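J.: Got a sequence here, can you build the structure:
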Amino acid sequence: MPKGKGDEGGFLKFLWNSDTGEFLGRTGSSWGKIIVFYIIFFAGLAAFFLLMLYIFFLTLDLQKPKWQMTNGLIGDNPGVGFRPQPDQDKNVDSTLIWFDRNRKENYEFWSNQLDIWFNAIPKEGGSDVTKCSFGTGGTDTYKDKNKKKEQISSCFVDNKQFGECNPENKFGYRLGEPCILVKLNRIYGWEPIGFGLNGKQYNQQQFPEIFSNEMKELEKEIENNPQQGMKPMPMFLQDYIKKEAEKQDHPPQWKTDFLNSVFFSCEGENPADKENIGPISYYPHPYIPSYYFPFTNQRGYQSPFVMVQLKKPMPGVLINVECRAWARNINHNRPDRLGMVHFEIMID
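T.: Now for the predicted structure:
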């Protein structure tokens with residue numbers, strides 16, 4: 001008992017010593033000095049941190065990434081994306097589009113995603129979007145017509161040009177003829193390099209030979225790299241490109257801009273898939289025009305896309321679909337999913 005009282009008295013005396021005027025073992029002046037010290041210490045630490053942060057932000061450009069193309073992690077070979085997608089919260093790795101065309105609440109899960117995408121497109125006439133066309137190179141969207149890097153507005157994406165792939169038609173899902181939005185992933189400063197060009201320009205006499213030689217070179221590259229899953233450009237797309245490029249009513253600059261576009265093809269991945277997928281339509285056409293490139297963080301920029309509609313897919317069968325983007329500087333690599341995208345579709 002005496003020991004307990006002694007301990008209690010000792011603690012109380014440590015808490016407040018009336019003889020020396022100490023609180024928790026320090027006098028008032030001692031506490032004042034240590035408080036001032038830590039205020040100065042932490043203020044200096046905070047100032048040093050803010051100075052380092054300021055110097056760091058001086059090295060950054062808020063309008064463009066510091067490391068671009070091959071110098072960055074993204075690289076210079078764009079990937080391909082698609083919409084709609086399955087619920088990523090339930091299965092982040094799933095690429096299966098599975099719906100029942102006879103159940104409204106079921107197919108609207110998919111069509112509503114495309115609705116959201118359409119509604120996000122800036123309206124024509126806004127200060128940040130301009131209607132572009134081939135033959136001008138989209139130069140009316142640039143401050144300096146000789147410097148594409150100074151682009152200040154975006155080329156308009158007309159959501160009325162996608163045929164049957166529209167909100168009123170539920171993007172074909174209620175009819176069992178679904179539309180898939182296919183787009184190229186953004187890479188700052190990247191521009192497509194077209195097929196069939198003599199240098200950077202279209203030449204009417206040389207185009208057939210140049211285009212044919214490029215297709216042969218592509219076939220040789222496929223033979224030399226079988227592990228990458230490369231394929232020759234589908235004949236329908238080759239014929240389409242040649243037909244448009246050889247039309248007499250298009251001027252040379254129009255054809256140059258057309259050939260510099262990014263073309264798309266979709267097909268069944270395996271022989272059985274090719275039989276079950278049925279006819280495929282592309283809206284408004286099987287390419288993204290060249291005037292949408294390069295992406296330079298323009299105001300109002302909306303990623304351009306192509307709508308791919310499966311017209312008569314076999315119901316009740318899982319169909320593997322593969323879509324590929326085509327340009328001379330887009331390489332296909334199936335293991336890394338570069339230049340292509342894979343998804344499955346099943347209709348009940």
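J.: from here on, contacts and neighbour counts on C-alpha atoms
T.: OK.
J.: Show me where the protein dips below the pLDDT cut-off.
T.: 1-9, 21, 123-127, 136-152 (pLDDT under 70).
J.: try 50
T.: 1-2, 4-6, 137-150 (pLDDT under 50).
J.: where exactly do the helices run in it?
T.: Counting by DSSP state H, the chain has helices at residues 2-15, 28-58, 104-119, 207-224, 235-245, 252-259, 271-277.
J.: so which of those helices is the most packed in?
T.: Of the helices of the chain, the one with the most neighbours on average (mean count of other C-alpha atoms under 10 Å) is helix 252-259, at a mean of 22.
J.: That one to helix 235-245, inter-axis angle?
T.: Between helix 252-259 and helix 235-245, the angle comes out at 160 degrees (axes from the mean of the first three to the mean of the last three C-alpha atoms, to 10 degrees).
J.: now helix 252-259, how far from the chain's geometric center?
T.: Distance of helix 252-259 from its chain centroid, counting by C-alpha atoms, centre = their mean, to the nearest Å, is 25 Å.
J.: same thing with stretch 51-70?
T.: Distance, centroid of stretch 51-70 to centroid of chain: 21 Å (C-alpha atoms, centre = their mean).
J.: who touches it?
T.: 74, 75, 76, 187, 188, 189, 190, 296, 297 (C-alpha atoms under 8 Å, 6 or more residues apart in numbering).
J.: try stretch 269-286
T.: Residues from elsewhere that reach stretch 269-286, judged by C-alpha under 8 Å, 6+ apart: 161-163, 165, 263-268, 306-314, 317, 319-322.
J.: Would you mind giving me the PyMOL syntax to select the buried ones in these?
T.: PyMOL command restricting the contacts of stretch 269-286 to the buried ones, with burial defined by 16 or more other C-alpha atoms under 10 Å:
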select buried, resi 162+165+263+264+265+266+267+268+306+307+308+309+310+311+313+314+319+320+321+322
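J.: Which members of the contacts of stretch 269-286 occur in strands, if any?
T.: Counting by DSSP state E, those place 263-268, 306-310, 319-322 in strands.
J.: So which of those residues is the closest to residue 129?
T.: Closest to residue 129 out of those is residue 306 (18.9 Å), distances taken as C-alpha to C-alpha.
J.: Is it correct that the closest one is in contact with residue 179?
T.: No: applying C-alpha atoms under 8 Å as the test, residue 306 and residue 179 come out as separate, 9.8 Å apart.
J.: For residue 248, the count of nearby residues, please.
T.: 9 (other C-alpha atoms under 10 Å).
J.: try residue 82
T.: 20.
J.: wait, what's in contact with it?
T.: Here residue 82 is in contact with 180, 181, 182, 183, 341 (criterion: C-alpha under 8 Å, 6+ apart).
J.: Can you tell me which of the helices of the chain is nearest to residue 289?
T.: helix 252-259 (6.6 Å).
J.: quick one: which two of the ones in strands among the contacts of stretch 269-286 are the most distant?
T.: That would be 263 and 319, which, of the ones in strands among the contacts of stretch 269-286, are the farthest apart (C-alpha to C-alpha) at 22.5 Å.
J.: domain assignment for this protein?
T.: The domain map for the chain lists 2-58, 72-192+258-347, with the assignment taken from automatic domain parsing.
J.: right, and the helices of the chain - which one's nearest residue 334?
T.: When the helices of the chain are compared by C-alpha to C-alpha, helix 207-224 sits nearest residue 334, at 12.2 Å.
J.: just how off-centre is the closest one within its chain?
T.: The answer for helix 207-224 is 28 Å, by C-alpha atoms, centre = their mean.
J.: roughly how far apart are residue 300 and residue 211?
T.: Residue 300 sits 35 Å away from residue 211, going by C-alpha to C-alpha, to the nearest Å.
J.: swap that for residue 315, please
T.: 38 Å.
J.: again with residue 317
T.: From residue 317 to residue 211 the distance is 38 Å (C-alpha to C-alpha).
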